[in-house]
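> I'd like to go over a predicted model; first the sequence, then the structure.
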Amino acid sequence: MDENKLKLTSSEIGTLWGEYVNGTMTDVVNRYMVSIIEDESIKAIFEDAITTFEKQKNQIVTFLENDGFPIPIGFTESDLFKGKPRLFTDIFCLNYLHIMTLHGLLGHSTALAVSVRKDLRYFYDSCDNDAKKMYHQTIELLLEKGNFQRDPLFYPAKNPEYISSKDFADGFFGKGRKLAATEIISISLNLKKNIMAKTLSIAFSQVAQTKETRKFLTDSEKTADQQIKAFSKIMQADNLPVPKSWETEVTTSTASPFSDKLMLYHIGFLFQAAQNYHGAGLASSMRVDLVTAYEGTILKNLMVTKKWFDLMVENKWLEQPPLAPNRKEIAKEV
């Protein structure tokens, strides 16, 4: 059997559709950032990211067209307003690329895991390799510039130990216990992602063109800030450092380089993607206060994404993904 002649499955179509829409969104932002970046070493990485996605985009189009599916609208040059003043510093742009690369790594891995066709598996394998290369490049440059904050350091115990008391799950009442290294993985990662979501919400709210979009962005900034404070408090209670904020990396410009559609979609994407990471954090938490914090965060994010969905639909900005056949409607047409 020629695997490459197999029809795309619903999951494979879904991953290609998502990769196209989310990829074109990030590509528009990257194209703006490369136009304002002054540091040549940072600009070079963005130019590489733009070239890499253009190659991936062309392949996605080929996959969809060969199976007769329409190409998503996604985001285009019409969502980029050229010649606008700088909205972000060079360092924020580099941090942005690093965080979005992390999202890309997760997306490519998920897509690979649900792909059966050989050509599609090899495509996502190459996408994953591209993302890993970008991941290494962004970290090395952030380290070189002294702007990468590593996670807290622990000191080694003398011997491995088993959990000996049910108090291990008690982080809020009674004696409690210190955070485990396995719990800090998600706390630190979620903090970094919330910090970026807050910073983008601040920047986008400055330049949004409609009152409704501006209000949503202002509300999303407050939500992200509440979550940052909740997890920072847990870290600081154990005398552990938290990642620094990036608000000062946003200029005072009020001229928008992006369409409201793109800015609103971007923030919604970050809150939706965060649910994966919050869910992973919840699953790895063994302290009651952490479980409570994650549950509250997940619930709040659901409320934010509901408002986001309503606003996107109201403005006819939310593109519909491919749907399963409606057999009842088809039967009516016979």
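That came through fine. For clarity, every value in this text was computed on a predicted model and none was experimentally measured. Numbers count the residues shown, from 1 in each chain.
> from residue 286, how far off is residue 276?
20 Å (C-beta to C-beta, to the nearest Å). For every residue, glycine as well, the C-beta is placed using N, CA and C.
> between those two, which one's more packed in?
Set residue 276 next to residue 286 and count neighbours by other C-beta atoms under 10 Å: residue 286 wins out with 16 against 13.
> and that one, what are its phi and psi?
phi -120, psi 20 (degrees, to the nearest 10).
> go ahead and confirm it touches residue 183.
Yes. The pair residue 286 / residue 183 is scored as a contact, 7.0 Å apart, by C-beta atoms under 8 Å.
> so what sits against both of those two?
Counting by C-beta atoms under 8 Å, 6 or more residues apart in numbering, residue 286 and residue 183 have no common neighbour.
> how does this protein divide into domains?
Split into domains by automatic domain parsing, the chain comes to 7-144, 176-314.
> closest to residue 329 out of those domains?
domain 7-144 (18.0 Å; C-beta to C-beta).
> buried sites along stretch 60-75?
By neighbour count on 16 or more other C-beta atoms under 10 Å, the buried set for stretch 60-75 is 60, 63, 64, 72, 74, 75.
> swap in stretch 23-41?
Applying 16+ other C-beta under 10 Å to stretch 23-41 flags 23-34, 36-37 as buried.
> for residue 221, state which of those residues is nearest.
Distances from residue 221 to the buried residues of stretch 23-41, taken by C-beta to C-beta, are shortest for residue 29, at 17.7 Å.
> tell me the pLDDT at that closest one?
Note for residue 29: predicted pLDDT of 98.
> wouldn't residue 6 be in contact with residue 116 here?
Yes. Counting by C-beta under 8 Å, residue 116 is a contact partner of residue 6 at 6.8 Å.
> out of those two, which sits in the busier spot?
Set residue 6 next to residue 116 and count neighbours by other C-beta under 10 Å: residue 6 wins out with 15 against 12.
> ok, that one to residue 94 distance?
41 Å.
> so which pair among the buried residues of stretch 60-75 is furthest apart in space?
63 and 75 (19.1 Å).
> so residue 224, which of the three states?
Under DSSP: H, G, I helix; E, B strand; the rest coil, the three-state class of residue 224 is helix.
> please name the nearest non-neighbouring residue to it.
residue 198 (3.8 Å; C-beta to C-beta, 6 or more residues apart in numbering).
> contact partners for that neighbour?
With C-beta under 8 Å, 6+ apart, residue 198 has these contacts: 221, 224, 225, 228, 245, 247.
> okay, now the second one: neighbour count?
Look at residue 224: counted by other C-beta under 10 Å, it has 27 neighbours.
> where does pLDDT dip in the chain?
For the chain, the stretches flagged by pLDDT under 70 are 1-4, 166-176, 333-334.
> which stretches of it form helices?
In the chain, the helices defined using DSSP state H lie at 10-36, 40-66, 90-113, 118-144, 181-207, 211-237, 260-284, 288-314, 327-333.
> contacting residues for the nearest residue to residue 27 once chain neighbours are set aside?
Take residue 27 and drop its neighbours on the chain: the residue closest to it by C-beta to C-beta, 6+ apart is residue 53, 5.0 Å away. Counting by C-beta under 8 Å, 6+ apart, residue 53 touches 23, 26, 27, 30.
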